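Novice: what's the 3D shape of this:
(one chain, ligands or ions: 1)
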Amino acid sequence: MLIVTAAALIRADGLILLQKRPEGRDMAGLWEFPGGKLEPSEQAEAALARELDEELGVSVDPQNLAPTCFASAKIRDKDLLLLLYCCREWQGTPQPLEGQELDWFAVKDMYRLPMPPADLPLIDLLERILRD
Ligand SMILES: Nc1nc2c([nH]c(=O)n2[C@@H]2O[C@H](COP(=O)(O)OP(=O)(O)OP(=O)(O)O)[C@@H](O)[C@H]2O)c(=O)[nH]1
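Specialist: Numbers count the residues shown, from 1 in each chain. Next up, the predicted model:
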């Protein structure tokens, strides 16, 4: 089972940061939430804070990562568990440190973006959670 943590970084105006997977990588061209796989015996929030630092150069206190929703999917015969956290407080301005494109989106605009199949149920859940 592959466990992946991902973050919806939510700006004061409500827009959420997504990154576009660069050419040459698996699922290139798809927009995804920043994050990545857990390393062996790594704690989930610590892993996500590490990924956000590596990918975007932002510093996040794991306490500011709010568990929000999850999705499970099969990717090339591997079972993936995708854990989505919301985060409204971080230090630094997100930078595309891995050659990815970055942009901010309203949740309702994510439906028309090409995203990994595992993310589709997350958008729906996220929209409902942020509305309530
Ligand atoms: N970060 C992130 N990964 C996602 C999302 N949706 C989704 O299916 N994934 C998948 O979860 C896995 C995350 O792995 P990763 O980012 O650590 O690794 P990678 O495939 O980019 O590269 P790597 O294996 O060389 O480290 C990838 O297979 C990715 O396609 C998402 O919204 N955010």
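
Novice: any idea how far residue 72 is from residue 91?
Specialist: 32 Å (Cβ to Cβ, to the nearest Å). All C-beta atoms are positioned from the backbone trio N, CA, C, and that covers glycine.

Novice: quick one: is stretch 98-116 near the ligand?
Specialist: Yes: interface with the ligand: stretch 98-116 contributes residue 116 (Cβ under 6 Å from any ligand atom).

Novice: Now find how far off-centre that stretch is within its chain.
Specialist: How far stretch 98-116 lies from its chain's middle: 10 Å, per Cα atoms, centre = their mean, to the nearest Å.

Novice: Buried residues of that stretch, list them for me.
Specialist: Going by neighbour count (16 or more other Cβ atoms under 10 Å), the buried part of stretch 98-116 is 100, 102, 107, 110, 115, 116.

Novice: For it, which outside residues touch it?
Specialist: Contacts of stretch 98-116 from elsewhere in the structure, counted by Cβ atoms under 8 Å, 6 or more residues apart in numbering, are 11, 14-22, 27, 29-32, 54-56, 73, 75, 94-96, 123, 126-127, 130.

Novice: That stretch: end-to-end distance?
Specialist: 18 Å (Cα to Cα, to the nearest Å).

Novice: again, but for stretch 25-42
Specialist: Length of stretch 25-42, first residue to last, Cα to Cα: 24 Å.

Novice: Also stretch 105-118?
Specialist: Start-to-end span of stretch 105-118 (Cα to Cα) is 18 Å.

Novice: Mind checking the pLDDT average for that stretch?
Specialist: Averaging pLDDT along stretch 105-118 yields 96.

Novice: for stretch 4-14, same thing?
Specialist: If you average the pLDDT over stretch 4-14, you get 98.

Novice: Good, wrapping up.
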